[in-house]
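In: sequence and predicted structure below; questions after.
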Amino acid sequence: MEKTTLIFVGIVACIVSFASATPGIATFYTSYVPSACFGNTPQGNMIAAAGDALWNNGAVCGKTFTVTCTGPRNPVPHPCTGKSVTVKIVDHCPGCQSTIDLSREAFAIIANPVAGIINIDYKQYA
(Lines give C-alpha, C1' and ligand atoms only; values in the text may rest on other atoms or scores of the structure.)
Protein backbone atom coordinates (compact mmCIF):
# COMPACT_ATOMS: atom_id res chain seq x y z
CA MET A 1 0.00 0.00 0.00
CA GLU A 2 2.87 2.44 0.78
CA LYS A 3 4.49 1.98 -2.64
CA THR A 4 1.17 2.64 -4.40
CA THR A 5 0.67 5.86 -2.43
CA LEU A 6 4.19 7.09 -3.22
CA ILE A 7 3.78 6.33 -6.92
CA PHE A 8 0.42 8.13 -6.97
CA VAL A 9 1.89 11.19 -5.19
CA GLY A 10 4.80 11.22 -7.67
CA ILE A 11 2.43 11.09 -10.65
CA VAL A 12 0.26 13.89 -9.26
CA ALA A 13 3.37 16.02 -8.60
CA CYS A 14 4.51 15.56 -12.22
CA ILE A 15 1.09 16.49 -13.57
CA VAL A 16 0.92 19.61 -11.39
CA SER A 17 4.46 20.52 -12.45
CA PHE A 18 3.62 20.34 -16.15
CA ALA A 19 0.27 22.09 -15.66
CA SER A 20 1.93 25.10 -14.04
CA ALA A 21 4.08 25.94 -17.06
CA THR A 22 3.24 29.21 -18.81
CA PRO A 23 3.05 29.52 -22.61
CA GLY A 24 5.20 32.14 -24.27
CA ILE A 25 7.50 33.00 -27.16
CA ALA A 26 11.29 32.68 -27.39
CA THR A 27 13.90 34.20 -29.68
CA PHE A 28 17.68 34.35 -29.22
CA TYR A 29 20.50 36.89 -28.98
CA THR A 30 24.29 36.74 -29.10
CA SER A 31 25.80 39.69 -27.19
CA TYR A 32 25.77 38.86 -23.48
CA VAL A 33 27.79 41.60 -21.74
CA PRO A 34 26.98 44.14 -20.45
CA SER A 35 23.62 43.09 -19.03
CA ALA A 36 20.93 45.02 -17.17
CA CYS A 37 21.19 42.73 -14.12
CA PHE A 38 24.94 42.08 -13.81
CA GLY A 39 26.66 44.88 -15.72
CA ASN A 40 30.00 43.75 -17.17
CA THR A 41 30.21 40.55 -15.09
CA PRO A 42 29.75 37.55 -17.41
CA GLN A 43 27.16 34.97 -16.32
CA GLY A 44 28.04 32.17 -18.74
CA ASN A 45 25.93 31.31 -21.76
CA MET A 46 22.91 29.47 -20.30
CA ILE A 47 21.25 32.85 -19.88
CA ALA A 48 18.31 34.86 -21.13
CA ALA A 49 16.85 38.34 -21.32
CA ALA A 50 13.31 38.91 -20.08
CA GLY A 51 10.76 40.55 -22.34
CA ASP A 52 8.60 43.35 -20.96
CA ALA A 53 5.84 40.98 -19.75
CA LEU A 54 8.29 39.05 -17.56
CA TRP A 55 10.73 41.84 -16.60
CA ASN A 56 8.68 43.36 -13.72
CA ASN A 57 11.08 46.29 -13.16
CA GLY A 58 14.04 43.91 -12.78
CA ALA A 59 12.47 41.69 -10.10
CA VAL A 60 13.25 38.70 -12.33
CA CYS A 61 17.02 39.38 -12.37
CA GLY A 62 18.96 36.28 -11.36
CA LYS A 63 15.89 34.00 -11.39
CA THR A 64 16.17 30.73 -13.28
CA PHE A 65 13.58 29.34 -15.65
CA THR A 66 13.12 26.00 -17.37
CA VAL A 67 12.14 26.53 -21.01
CA THR A 68 10.74 23.96 -23.46
CA CYS A 69 9.99 24.44 -27.15
CA THR A 70 6.37 23.59 -27.98
CA GLY A 71 6.27 24.41 -31.69
CA PRO A 72 7.06 26.76 -34.56
CA ARG A 73 5.89 30.36 -35.03
CA ASN A 74 7.00 30.50 -38.67
CA PRO A 75 7.26 28.10 -41.63
CA VAL A 76 10.30 26.17 -40.26
CA PRO A 77 8.86 22.68 -39.78
CA HIS A 78 9.48 20.83 -36.51
CA PRO A 79 12.09 23.13 -34.93
CA CYS A 80 11.87 21.56 -31.44
CA THR A 81 14.50 19.10 -30.22
CA GLY A 82 12.33 17.66 -27.44
CA LYS A 83 14.73 18.91 -24.76
CA SER A 84 14.35 21.59 -22.08
CA VAL A 85 16.93 24.10 -20.91
CA THR A 86 17.35 25.98 -17.63
CA VAL A 87 18.50 29.58 -17.99
CA LYS A 88 19.26 32.49 -15.68
CA ILE A 89 17.69 35.88 -16.42
CA VAL A 90 20.54 38.38 -16.76
CA ASP A 91 19.10 41.09 -18.97
CA HIS A 92 16.03 42.99 -20.16
CA CYS A 93 14.83 42.89 -23.75
CA PRO A 94 12.64 46.01 -23.97
CA GLY A 95 10.15 45.94 -26.82
CA CYS A 96 11.02 42.35 -27.76
CA GLN A 97 8.36 40.28 -29.44
CA SER A 98 9.40 37.40 -27.20
CA THR A 99 8.68 36.55 -23.59
CA ILE A 100 12.20 35.20 -23.15
CA ASP A 101 15.15 36.04 -25.38
CA LEU A 102 17.51 33.09 -24.91
CA SER A 103 21.24 33.02 -25.50
CA ARG A 104 21.96 31.38 -28.85
CA GLU A 105 23.50 28.41 -27.03
CA ALA A 106 20.39 27.87 -24.88
CA PHE A 107 18.05 28.26 -27.86
CA ALA A 108 20.04 25.65 -29.82
CA ILE A 109 19.45 23.09 -27.06
CA ILE A 110 15.66 23.29 -27.42
CA ALA A 111 15.22 24.25 -31.09
CA ASN A 112 16.89 24.67 -34.45
CA PRO A 113 18.28 28.25 -34.49
CA VAL A 114 17.15 28.58 -38.12
CA ALA A 115 13.60 28.91 -36.73
CA GLY A 116 14.55 32.20 -35.05
CA ILE A 117 11.32 32.35 -33.04
CA ILE A 118 9.39 29.53 -31.34
CA ASN A 119 6.48 28.84 -29.03
CA ILE A 120 7.55 27.76 -25.57
CA ASP A 121 6.39 26.71 -22.15
CA TYR A 122 8.40 28.19 -19.31
CA LYS A 123 8.40 27.81 -15.58
CA GLN A 124 10.41 29.46 -12.85
CA TYR A 125 12.88 26.94 -11.48
CA ALA A 126 12.49 26.33 -7.76
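Out: Sure thing, it's come through. All values reported here derive from a predicted model rather than from experimental measurement. Numbers count the residues shown, from 1 in each chain.

In: next secondary structure after the strand or helix carrying Thr86?
Out: Element membership of Thr86 [criterion: DSSP states H and E] is strand 84-93. On the C-terminal side of strand 84-93, the closest following helix or strand by DSSP H and E is strand 100-103.

In: quick one, phi psi at the residue nearest to Gly51 when sequence neighbours are not counted?
Out: Using C-beta to C-beta, 6 or more residues apart in numbering and skipping residues adjacent in sequence, the residue nearest Gly51 is Cys96, 4.5 Å away. For glycine as for every other residue, the C-beta is placed from the backbone atoms N, C-alpha and C. Backbone torsions of Cys96, given as degrees, to the nearest 10, read phi -70, psi 150.

In: who are the contact partners of Cys96?
Out: Applying C-beta atoms under 8 Å, 6 or more residues apart in numbering to Cys96 gives the contacts Thr27, Ala49, Gly51, Asp52.

In: for Cys93, same thing?
Out: Tyr29, Ala49, Ala50, Gly51, Asp52, Asp101.

In: of those residues, keep whichever come out buried.
Out: Tyr29, Ala49, Ala50, Gly51, Asp101 (16 or more other C-beta atoms under 10 Å).

In: shouldn't the second one be within a helix?
Out: No: according to DSSP: H, G, I helix; E, B strand; the rest coil, the state of Ala49 is strand, so it is not within a helix.

In: that one and Pro34, how far apart?
Out: As judged by C-beta to C-beta, to the nearest Å, Ala49 and Pro34 stand 12 Å apart.

In: what pairs with the most centrally placed residue in the chain across the strands?
Out: Taking C-alpha atoms, centre = their mean, the centroid of the chain lies closest to Val67, which sits 3.1 Å from it. Note on Val67: beta-bridge partners by DSSP bridges are Val85, Tyr122.

In: quick check: which element contains Ile120?
Out: strand 118-124.

In: packing partners of that strand?
Out: Applying 3 or more C-beta pairs under 8 Å, 6 or more residues apart in numbering; DSSP states H and E, one finds that strand 118-124 contacts strand 22-29, strand 64-72, helix 104-110.
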